[in-house]
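>>> here is a sequence together with a model predicted from it:
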Amino acid sequence: MRQGNGTKKKSAYILALLLMASPFIMGSGTSEMWGGETEVSASSTMSKILKRLPSIWSMRVKAKKKAKSLPDYKYDVAVPDSETIFSWIKGICQWPHRRPGTTEGHAAERWVRDRFREIGLENVTMDPVPITVWEAEEWSLQAGGETIPAFYILNTGFTGAESVTAPLVYVGEGTAEDFAKVNVKDKIVVADLPFPYLPSGFLLKYLGAAYTVSDPGGSIGIGAGQYLNFVRSNFLGGTTVGTAPPNDVYWNSVKEGAAGICLILKDQPAGTNSHYGPYDGIMKPMPGLWIGKYEGEKLREMAIAGTEATLKLTGSKKPGKMHNVWGVLPGRSEEVILITSHHDAPFKGAVEDGAGVAQVLAQAWAWSKVPKEQRPKTIVFVVDGGHFYDSKGGHFFARNHPEIMERTRILITLEHLAAKEVEEDGRQYRETGNMALTVMFASHNEQVLAAVMKSLDKKPAPATAAIPADFFGPAPTSDASGYVLEAGVPVISWIGCPYYLLDEHDTLDKVEVSKLKPVAETTTELVKTYMAME
């Protein structure tokens, strides 16, 4: 679309703002790209976003026009009430965690299978997905005569019962230049791990970097933003010693012969150390521990002084499996609406992803009450495994069920919805009274975006923005990635990102129960629109 003088001036003004803001936006160093993690600078990231803006603005206009002509589904569809949906969240949260391949994880898989059968889905199946099951048993850090609170870094090496005793050494954020200044061989590395910061309000409310925004409560201010604590700037994951970027602190430590590593979560609100990641499924040789930012202040001083420490991490590593659980609700045609989430969780997982599983069940419950003759399309429901194993479950399903993927008109993935927003209050999280920001990663497709706009117009959702599915990489940064990368299906991936997703504070109290039914109603509008499409 040709730009007029006004649009050119606006773009030039935005570019100037971005250049001034780039040192503060998303941090520096790296950003996580789904389907391949790559090193990028803040300025290059913002430059890419700027280049995308005209196409986003243009598609917004086309989709709004298209939304007016979309057909209406003529039948009523009643969703379960909020308490029923919350009962499913409580049901899948009865275990302390649902880690891939564990006894608890398998119990949760069977729980999902049983709910699918109760609802009346056909062909309910548990597809086994082979993995290496890594389980920690004991972990600790002793330094300067003190016990330093810590949590294990997933899939790192075990010390054995004898532990590792060595001097601490501080390497800043662990770039190659940092390592050139110190000798870390046979020592325990201490380093800072930052998270990039996303200025969501600036992007959404000033730049217009969304196809549409639903914010009836006005909670997204222009200054709104948050740290992306699932993107470890200098330890992204998804790499090995031979493929890691130059600033990867873990693999730099391995290359330099360190005996172990302690990473300080310097930007994690509330100072928690129970961070679960990177969850790439790659087994790593050197033991590692996460340290909260408050304890990290003292540990950093100890490392600069060369204090001796003892690091312990014991556990087991063995072949195992997890399962994708899925079932079918046949319609009048074989065209498929694919609705998914994931069942695994590092801790209680009320929001990640008890809330997503419950919303999939809500759709299964709602549409099972609709007579088959009123369902023009077939719905396939998948609650996959291994989001916390490189999203392997989604990849596996798409590769092993091409006959379903070929018939899929839309993939709708539901994750972390009806989550309360929190902010840091000393060593605790404090609820803000708002809902956590959610995004709908949507294909850059007129029909997909028109369906999103129509649904949000009929059933507005709080603090929700529809953005390009490939905004941060080749696929959504969600559990939808495997399906999209393997099969190229059109997607609407609705996902929230509150601060507690990857730590032990993801508990039942973080769910805003009253919003569960409204979320289901918005999702139902999406499904109804696709049911009505020719």
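That came through fine.
>>> list the contacts of residue 426.
By C-beta atoms under 8 Å, 6 or more residues apart in numbering, the contact set of residue 426 is residue 270. Yep, even glycine has a C-beta here, placed from its N, CA and C like the rest.
>>> begin at 41 from here
Done: numbering now begins at 41, and the last item shifts to residue 466.
>>> run a quick neighbour tally on the closest residue to residue 266 other than its chain neighbours.
Nearest non-adjacent residue to residue 266, counting by C-beta to C-beta, 6 or more residues apart in numbering: residue 238, 6.2 Å away. Counted by other C-beta atoms under 10 Å, the residues lying close to residue 238 total 21.
>>> look up how far residue 386 lies from residue 238.
Distance of residue 238 to residue 386, given as C-beta to C-beta, to the nearest Å: 22 Å.
>>> ok, residue 302 next?
Distance, residue 302 to residue 386, by C-beta to C-beta: 20 Å.
>>> now residue 193
Applying C-beta to C-beta, the value for residue 193 to residue 386 is 12 Å.
>>> higher neighbour count, the two?
Neighbours around residue 193 and residue 386, counted as other C-beta under 10 Å, are more numerous at residue 193. The numbers are 26 against 23.
>>> Provide a list of residues in contact with the more buried one.
With C-beta under 8 Å, 6+ apart as the criterion, the residues that contact residue 193 are 290, 301, 303, 327-330.
>>> will you turn the residues you listed into CSV that also has distance to residue 259, neighbour count and secondary structure?
Output for these, formatted as CSV (distance: C-beta to C-beta, whole Å; neighbours: other C-beta atoms under 10 Å; DSSP: H, G, I helix; E, B strand; the rest coil):
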residue, distance to residue 259, neighbour count, secondary structure
290, 37, 29, helix
301, 39, 28, strand
303, 32, 27, strand
327, 42, 26, coil
328, 37, 26, strand
329, 36, 23, strand
330, 31, 26, strand
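>>> strands of the stretch 391-540 of the chain, residue ranges please.
Shown for the stretch 391-540 of the chain, the strands assigned by DSSP state E, counting those that start in this stretch span residues 418-424, 448-455, 460-465, 468-475, 478-482, 504-508, 531-536.
>>> need those strands in a markdown table (columns: mean pLDDT, mean neighbour count and distance to residue 106).
As requested, these are arranged in a markdown table below (pLDDT from 0 to 100; neighbours: other C-beta atoms under 10 Å; distance: least, C-beta to C-beta, whole Å):
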| stretch | mean pLDDT | mean neighbour count | distance to residue 106 |
| --- | --- | --- | --- |
| strand 418-424 | 98 | 26 | 23 |
| strand 448-455 | 98 | 25 | 15 |
| strand 460-465 | 96 | 17 | 32 |
| strand 468-475 | 96 | 15 | 28 |
| strand 478-482 | 97 | 26 | 13 |
| strand 504-508 | 96 | 23 | 14 |
| strand 531-536 | 98 | 26 | 15 |
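>>> which one, of the ones you listed, ends up nearest to residue 217?
Of all these, strand 460-465 sits nearest to residue 217, with 30.8 Å by C-beta to C-beta.
>>> who does that closest one pair up with?
Looking at strand 460-465 with DSSP bridges, its paired strands and their directions are strand 468-475 (antiparallel).
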